[in-house]
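Enquirer: pasting the sequence and the predicted model now:
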Amino acid sequence: MIKIDVAIELIIPDNTAFTVLTALRHLGYNDLQKVERSEHVMLGVADGAETENIIHALSRAEVLFNPNKHRMSYSAEAEAQAAVPPQFEAIVRDKDENNERLVTLLAGTFGMAALRELSRAVGWRLYGERGPAARERLEWACRTLLANPISQAYDIRPRPVRRQVRELTHDVAKRGQ
């Protein structure tokens, strides 16, 4: 099975990220300058499926992505590389999520027949006066505010290099010529 991590970010002001910025400052992260948030959709697709075709189909699924207010990027597990120098992100997911209906909708209505599984999460990136937050600072932020220990789990990981979907659209169009 091929694993694809899709990040969907707002291109309009993110009030949730601003609220988290304010709250973390009040909780003691005094040099926090910026908070970025992204919705992550982790896809498991059948071996042999073309990543580009899956992402192209997902970019038309308005139940997850609206090109008027979002930008989409992705990283396939087989080609994932961490940014250099490494930047860390916190991935927070619900412990008891059930996405079976969403998988059925995407596989049927949106033509993603190769889709086998899907999970969702929220990605958080924090930036202080000296740049991206260290792993330890993200760990503290998750324990303090970003994750509810009763209903959510989190991972701190190096942020992978992602490919923007607008690049993909251009590549798919070139192949069709």
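Expert: In hand now; what should we look at? Numbering: from 1, shown residues only.

Enquirer: so what's residue 44 up against?
Expert: 1, 2, 3, 115, 116, 117, 118 (Cβ atoms under 8 Å, 6 or more residues apart in numbering). Placement of C-beta: from N, CA and C, glycine included.

Enquirer: give me the pLDDT value at the first one.
Expert: Residue 1 carries a pLDDT score of 91 in this model.

Enquirer: that one touches residue 115, doesn't it?
Expert: No. Between residue 1 and residue 115 there is no contact under Cβ atoms under 8 Å: 10.5 Å.

Enquirer: overlap in contacts, the two.
Expert: 44, 45.

Enquirer: these two: which has the busier surroundings?
Expert: It is residue 115, of residue 1 and residue 115, that has more neighbours when counted by other Cβ atoms under 10 Å, with 24 against 12.

Enquirer: so what's the more buried one up against?
Expert: Applying Cβ under 8 Å, 6+ apart, the residues contacting residue 115 are 43, 44, 45, 54, 103, 106, 107.

Enquirer: just the closest of those residues to residue 130, please.
Expert: residue 43 (34.7 Å; Cβ to Cβ).

Enquirer: identify the residues contacting stretch 15-33?
Expert: Here stretch 15-33 has contacts from 34-37, 124, 126-130, 137, 140-141, 144-146, using Cβ under 8 Å, 6+ apart.
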